[in-house]
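> Here is the input, now give the coordinates:
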Amino acid sequence: MAGRSGGRAEATPPPSHNAGERALRIGVLAIQGDFGAHRHALARLGAEAVEIRRPQELDGLDGLVIPGGESTTIRMGLETYALEQPLRDFVSGGRPVFGTCAGLIVLGRAHLGLIDIETKRNAYGRQVRSFESDVVVEGLGDESLRAVFIRGPWIEAVGGDVEVLAELDGRPVVARQGNVLVAAFHPELTDDLRLHASFLALAGAEQNNGRLPASRRSGPGKDEVPA
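Numbering: from 1, shown residues only. Sure thing, here's the model as predicted:
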């Protein structure tokens, strides 16, 4: 399904940075999943997209994408490479993270606890029941976004600080809490780049705000969810 536009004119990608400013440097967690498609989408928007597998590779990033794939495999990879606490520090230091499909699950309460949501794995069925649907995402204009669901989760419950940005059949499928954005589908598999662009806008805002150096950041505890 890569490169599909859902029958719409391709969305015009806004620039990820202003003239004279450096390009945003965005990491894509490359443990498992279709991280290459996310890199391509981010690059089309003018970002410098790099693959991330080790804690030290988080240094100098303006944001991070955790792609879809298999959430258990991704979580095991985070443990193997000792990335769990560095990711918590990354978020508590103000840098945004965007989780799609399995990335949404990994960021939720049951795993990293970086967004206050409960999720259900494979909520729409196995891969043979993959489908596409139009969803309207708050903040992306009136035109719907074509969402590709492949063994997609849904959000079963949200905390009070979580903003639901889109629903499908009454279930939240896009949400945000502070600098953490999640989607239950695969926005990297269409030509509509608006959701990636909104994530880059978060990263650009944090870049302009002047974050603390990495050495002075302190992340939430294991069971804390940052506001």
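
> what about stretch 124-142, how long is it end to end?
From its first residue to its last, stretch 124-142 covers 26 Å (C-alpha to C-alpha, to the nearest Å).

> gap between it and the chain center?
If you compare the mean C-alpha spot of stretch 124-142 with that of the full chain, they lie 15 Å apart, counting by C-alpha atoms, centre = their mean, to the nearest Å.

> go on, stretch 23-32?
Centre to centre, stretch against its chain (C-alpha atoms, centre = their mean), the figure for stretch 23-32 is 10 Å.

> And for stretch 77-86?
Going by C-alpha atoms, centre = their mean, the spacing between the C-alpha centre of stretch 77-86 and its chain's C-alpha centre is 17 Å.

> pLDDT on it, on average?
Per-region confidence: stretch 77-86 scores 96 on mean pLDDT.

> where does the residue sitting nearest the centre point of the chain land in three-state SS?
For the chain, the residue nearest the mean C-alpha position is residue 98 (1.7 Å; C-alpha atoms, centre = their mean). Three-state secondary structure (criterion: DSSP: H, G, I helix; E, B strand; the rest coil) places residue 98 in strand.

> what's the weakest-modelled helix or strand in this structure?
Within the chain, no helix or strand scores below helix 194-209, which has a mean of 90 by mean pLDDT, DSSP states H and E.

> Residues contacting it, please?
For helix 194-209, the surrounding residues in contact (C-beta atoms under 8 Å, 6 or more residues apart in numbering) are 11, 13-14, 16-17, 24, 26, 38, 41-42, 45, 47, 62-63, 65, 94-96, 98, 137, 139-141, 145, 174, 179, 181, 183, 187-188. To be clear about C-beta, it is placed using only N, CA and C from the backbone, and glycine gets the same treatment.

> all helices for the chain, in order.
If you assign secondary structure with DSSP state H, the helices in the chain sit at 35-44, 71-80, 84-92, 102-107, 194-209.

> Check these for me and report the most buried one.
Per-stretch averages of neighbours, counted by mean count of other C-beta atoms under 10 Å, single out helix 102-107 among the helices of the chain, with a mean of 28.

> by contact count, what packs against that one?
Helices and strands touching helix 102-107, as assessed by 3 or more C-beta pairs under 8 Å, 6 or more residues apart in numbering; DSSP states H and E, comprise strand 63-66, helix 71-80, strand 97-100, strand 117-120, strand 180-183.
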